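Colleague: how would this look folded up:
(2 chains)
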There are 2 protein chains.
Amino acid sequence: MLIKNGKVLLFDKENVSIENKDILIKEGKIVNIADDIDISGEQIIDATNKIVMPGLINTHTHIAMCIFRATFEGCNLFTWLNEKIWPIEEKLTKEEIYKASLFSIVEMISTGTTCFNDQYFMPEETRKAVEEVGMRAVLTRPLMDTDGSDVNEKVQEFRNFYESRNKENELINYSVAPHGLYTCSGSCLAEARKLALEYNLPIHVHFLESVDEISSIKELHGENASSVLKKYFDGIHTILAHGVKLNDEDIDIIKNMDCGIAHNPVSNLRLGCKIADITKYQREGINVALGTDGAGSGNNLDMFEALRTACLMQGGIHEDEGRITSKDAIKMATINGAKLLGLEDKIGSIEVGKDADIILVDISEKLDHICMLPNNDLLSNLVYNTSGRDVDTTIIKGKIIMKNRKFEQLDVGSIIENVKQISLK
Amino acid sequence: MLIKNGKVLLFDKENVSIENKDILIKEGKIVNIADDIDISGEQIIDATNKIVMPGLINTHTHIAMCIFRATFEGCNLFTWLNEKIWPIEEKLTKEEIYKASLFSIVEMISTGTTCFNDQYFMPEETRKAVEEVGMRAVLTRPLMDTDGSDVNEKVQEFRNFYESRNKENELINYSVAPHGLYTCSGSCLAEARKLALEYNLPIHVHFLESVDEISSIKELHGENASSVLKKYFDGIHTILAHGVKLNDEDIDIIKNMDCGIAHNPVSNLRLGCKIADITKYQREGINVALGTDGAGSGNNLDMFEALRTACLMQGGIHEDEGRITSKDAIKMATINGAKLLGLEDKIGSIEVGKDADIILVDISEKLDHICMLPNNDLLSNLVYNTSGRDVDTTIIKGKIIMKNRKFEQLDVGSIIENVKQISLK
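Modeller: Down below sits the predicted model:
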């Protein structure tokens, strides 16, 4: 496959640039990036008036939660979870989780995401949908026990899920996910550590999302959040979802661990969690990537909204002109996400040798793009004036999943209708 | 004209609802809103699968600034104005301001704005574009003298502009606009007061947008911003653009004046001005409306982005669950905007007797709308998951300006090309 005539987003160390290049793909991998590749017999994708960029990496999701979209506005995290979400989640069936997952994968692919890092129950159903579409994902069966669950049972569920994986499918990776330090006892966290070491998997944990969490963790563990984190997960690659409430002591501990942050700007704002100081985190050398969280709190799975909101929000806490820029945000949504998930050898940038997880973003000069015209700066517009709807084509490991906004192999109408029925119920 | 089968957004005192209604329009005014109006011979607009809502009111703009879109990221207000914008603005020609204004009017109409409150130099050029399209606007020739301008000359320019108006055109209103309290001396503000009283016009002034402004005003006038405001504009209806930095004393003064705030969430964030506490302002009884500011700082003129960002941002400063909701934001972008501009008798809501400034927003269940599906709550989705691109039809005073995303009377391609040329220059 040959992607011709595109404006290709490239990273060169700290620099981010857009260059006119062609990209040659063979057996799912990028094999050449050059000025004018001309090889007959290839499937050619014309990328004229399109930005060609790495597929976006959504580093924190609960994708089946699309059924909760546009509900329970104005709640804060604890009210929302305890009083609204968890009581309804108890009633969800396997089939509903499968259908909701399939829907969200369509939402992600149609808005340019090629990899997501999920944490939800009945993950076999989500995996089924992921395999069906050919999506890339990091999946898990989360652990939790402060709700009265039996840790051993949950650990066994994780083992069953992980052991039943199709080892041939290189697109699916796994994590061990203690839900949060406020929802997992010490023995639950110890089990998570054991699993991560036994299977050589990263940890994916909710961490200091809300102010109430700080005191809950102190009460449950008798220690501050970062000390608990260090105690159980030191030496293990750890994906911290949120990290909104880090104080200087937390930052000191975290920057010396193998940790990074999945920042979910829209969800944090919607749940009244205030603003994570990602400008500071980056300055301190902590890897920050982006996510949407579930659509119940994050509104949608459109990573372009996460990009835009992440950048803008820093102007809400920094008068300092050194706050993060659109270039930083683009890296957060791509290469930093790959690093956070431990997949930077495979994805996150357009580089020879990496898998071809690539999206084409339409920037043609038409009425629907008037909000980005005159296009004085492609990178700035990509962050501030581009929507997931501008994604024209999505390719995962060299396979076209969506082309010209059409899914050849999926019946999108039925997928939408199925989720509508679940939501009505 | 009869708008049939739509989901109509209605206000009833504090309540905001969506109801299935038909709307009959005669001579530019709404004459009936009822369940099933059937009158033969009318021009029928089918609003099936569309929300029918009041046109959005953008209460603070500098529309010709579209040429600065996606430039100078990361600057704060004073750097941006002094070092970047003002030196370039000096070189703009009349024709360029006309072309840029025309472009921005297309951007606004295509994203659902039917009225804007502008403040820019050479306003004759903007007025020419407004008249050409049939847009509704509040225009002015701003006053400023700390840059060395002669106040009398600027006042004369305002008079010439105002006196040369076409009195037949009810769509164009006027304000008197001292640029800001940090850019106008006491004598300049006194002249503004005189003009406002003489012509019975509101004041439109930049007010406490950035932290640097506080000390600049103190230095220039020897008093705090609110005291200066009260001294010159007490008793005059005043539109305060921004109002980000109000302390309790400012709030006390302002809530007892005939003032309201044009909140520009995206621009405030982009210029590192932090977050206006509009939740508090509303609680204190101050009228808050929405704006985009110019596209140089506000990224675009899409009021749906202003709606979404305004709501989300409050979760950046309020853990309190009483922060503003999507319903509040919808009123800010419509009826509150009309009140702020002194036009609430004419526009801002769909009510019998008001002018028909109406937009139709497409909410059909298709891939491009997957981010709002399942549509559990129309109002919430209207704020959180709708883009200006979903605006299908825009009607101003009963006249269709855009229908099915087509402008019958404008050559959008040339309008875009003209602005591209200015920007290249």
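Colleague: going forward, measure contacts between C-alpha atoms and count neighbours the same way
Modeller: Fine.
Colleague: and A:N375, how many neighbours does it have?
Modeller: Counted by other C-alpha atoms under 10 Å in any protein chain shown, the residues lying close to A:N375 total 25.
Colleague: ok, the one 5 residues further on next?
Modeller: The number of residues packed around A:S380, counting by other C-alpha under 10 Å, is 23.
Colleague: surely it is within a helix?
Modeller: Yes: looking at A:S380 with DSSP: H, G, I helix; E, B strand; the rest coil, it is inside a helix.
Colleague: that one contacts B:R69, correct?
Modeller: No: A:S380 is not in contact with B:R69 according to C-alpha atoms under 8 Å; the separation is 9.2 Å.
Colleague: could you list every residue that touches the closest residue to A:I254 other than its chain neighbours?
Modeller: Distances taken as C-alpha to C-alpha, 6 or more residues apart in numbering or on different chains place A:S226 nearest to A:I254, at 7.2 Å, with adjacent residues excluded. A:S226 makes contacts with A:D250, A:I253, A:I254, as judged by C-alpha atoms under 8 Å, 6 or more residues apart in numbering or on different chains.
Colleague: which element is the first one on?
Modeller: Which is A:D250. helix A:248-255 (DSSP states H and E).
Colleague: and that helix, what does it pack onto?
Modeller: Packing contacts for helix A:248-255, counted by 3 or more C-alpha pairs under 8 Å, 6 or more residues apart in numbering or on different chains; DSSP states H and E, involve helix A:225-233.
Colleague: so which bits of the helix it packs on are buried?
Modeller: Of all the residues in helix A:225-233, those buried under the rule 16 or more other C-alpha atoms under 10 Å in any protein chain shown are A:A225, A:S226, A:S227, A:V228, A:L229, A:Y232, A:F233.
Colleague: how close does the third one sit to chain B?
Modeller: To tie it back to what came earlier, the one meant is A:S227. 25 Å (C-alpha to the nearest C-alpha, to the nearest Å).
Colleague: what's the closest non-adjacent residue to that residue?
Modeller: A:I253 (7.8 Å).
Colleague: what does the helix or strand where A:A196 lies rub up against?
Modeller: According to DSSP H and E, A:A196 maps onto helix A:186-199. Here helix A:186-199 makes contact (C-alpha under 8 Å, 6+ apart) with A:143-145, A:151, A:155, A:175-178, A:181, A:201-203, A:221, A:232-233, A:236.
Colleague: my reading is that A:L10 lies in a strand. Confirm?
Modeller: Yes: the assignment for A:L10 by three-state DSSP puts it in a strand.
Colleague: got a list of what it touches?
Modeller: Taking C-alpha under 8 Å, 6+ apart, we find A:L10 in contact with A:V16, A:S17, A:I18, A:E19, A:M53, A:S349, A:I350.
Colleague: same check, this time on A:H204
Modeller: Shown in contact with A:H204 (C-alpha under 8 Å, 6+ apart): A:S175, A:V176, A:A177, A:P178, A:H179, A:T238, A:I239, A:L240, A:A241.
Colleague: do A:I286 as well
Modeller: A:I254, A:K255, A:C259, A:G260, A:I261.
Colleague: likewise A:A34?
Modeller: A:K21, A:D22, A:I23.
Colleague: returning to that earlier point: now the contacts of A:H204 in a markdown table, with pLDDT and distance to B:E95?
Modeller: A markdown table is the format used below for the contacts of A:H204 (pLDDT from 0 to 100; distance: C-alpha to C-alpha, whole Å):
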| residue | pLDDT | distance to B:E95 |
| --- | --- | --- |
| A:S175 | 98 | 60 |
| A:V176 | 98 | 62 |
| A:A177 | 98 | 61 |
| A:P178 | 98 | 62 |
| A:H179 | 98 | 60 |
| A:T238 | 98 | 58 |
| A:I239 | 98 | 54 |
| A:L240 | 98 | 54 |
| A:A241 | 98 | 52 |
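Colleague: which of the residues you listed count as buried?
Modeller: Looks like the contacts of A:H204 have A:S175, A:V176, A:A177, A:P178, A:H179, A:T238, A:I239, A:L240, A:A241 buried, using 16+ other C-alpha under 10 Å.
Colleague: mind listing what the second one touches?
Modeller: Applying C-alpha under 8 Å, 6+ apart, we find A:V176 in contact with A:T140, A:R141, A:P142, A:A192, A:L195, A:A196, A:L201, A:P202, A:I203, A:H204.
Colleague: swap in the first one?
Modeller: If you count contacts by C-alpha under 8 Å, 6+ apart, A:S175 has them with A:V138, A:L139, A:T140, A:A196, A:L201, A:P202, A:I203, A:H204.
Colleague: now with 7 Å?
Modeller: A:V138, A:L139, A:T140, A:L201, A:P202, A:I203, A:H204 (C-alpha atoms under 7 Å, 6 or more residues apart in numbering or on different chains).
Colleague: just the fifth one next, same as before
Modeller: With contacts defined as C-alpha under 7 Å, 6+ apart, the neighbours of A:H179 are A:P142, A:L143, A:M144, A:V205, A:H206.
Colleague: quick check: A:D293 touching A:I63?
Modeller: No: the pair A:D293 and A:I63 does not pass the contact test of C-alpha atoms under 7 Å, sitting 8.0 Å apart.
Colleague: so the helix holding A:A196 versus helix A:225-233, what angle?
Modeller: On the basis of axes from the mean of the first three to the mean of the last three C-alpha atoms, to 10 degrees, helix A:186-199 is oriented at 50 degrees to helix A:225-233.
Colleague: show me what counts as buried in helix A:186-199.
Modeller: Neighbour counts over helix A:186-199 (16+ other C-alpha under 10 Å) mark A:G186, A:C188, A:L189, A:A190, A:E191, A:A192, A:R193, A:L195, A:A196, A:L197 as buried.
Colleague: what's the spacing between it and its chain's center?
Modeller: 23 Å (C-alpha atoms, centre = their mean, to the nearest Å).
Colleague: where does the stretch 151-300 of chain A dip in pLDDT?
Modeller: For the stretch 151-300 of chain A, applying pLDDT under 70 flags no range at all.
Colleague: chain neighbours aside, what residue packs nearest to the residue in the stretch 101-250 of chain A that chain B sits nearest to?
Modeller: With C-alpha to the nearest C-alpha, the shortest gap between the stretch 101-250 of chain A and chain B falls at A:E107, namely 6.0 Å. Once flanking residues are discounted, A:E107 sits nearest to B:I370: 6.0 Å by C-alpha to C-alpha, 6+ apart.
Colleague: mind checking what secondary structure the one you found has?
Modeller: Applying three-state DSSP: B:I370 is helix.
Colleague: I figured it hits A:V106, correct?
Modeller: No: using C-alpha under 7 Å, B:I370 makes no contact with A:V106, being 8.4 Å away.
Colleague: just to be sure, A:G353 is in a strand?
Modeller: No: membership of A:G353 in a strand is not supported by three-state DSSP, which gives coil.
Colleague: residues near it, how many?
Modeller: Around A:G353 there are 15 other residues, counting by other C-alpha under 10 Å.
Colleague: now for it: which residues touch it?
Modeller: Contacts for A:G353 (C-alpha under 7 Å, 6+ apart) come out as A:K29, A:I30, A:V31.
Colleague: ranking by neighbours, what's the top pick from those residues?
Modeller: Among those, A:I30 has the most neighbours (other C-alpha under 10 Å), with 23 neighbours.
Colleague: what pLDDT does the closest residue to it other than its chain neighbours get?
Modeller: Residue nearest to A:I30 in three dimensions, not counting chain neighbours: A:V352, with 5.0 Å by C-alpha to C-alpha, 6+ apart. pLDDT for A:V352: 98.
Colleague: got the phi and psi for A:V352?
Modeller: Backbone torsions of A:V352, given as degrees, to the nearest 10, read phi -60, psi 130.
Colleague: and it, how many neighbours does it have?
Modeller: 15.
Colleague: go on, A:G41?
Modeller: 8.
Colleague: the nearest residue to A:M313 once chain neighbours are set aside is in what secondary structure piece?
Modeller: Nearest residue to A:M313, sequence neighbours excluded (C-alpha to C-alpha, 6+ apart): B:L269, at 6.4 Å. For B:L269, the host element (DSSP H and E) is helix B:265-270.
Colleague: can you tell me which helices and strands that helix packs against?
Modeller: Counting contacts by 3 or more C-alpha pairs under 7 Å, 6 or more residues apart in numbering or on different chains; DSSP states H and E, helix B:265-270 is packed against helix A:303-314, helix B:295-298, helix B:303-314.
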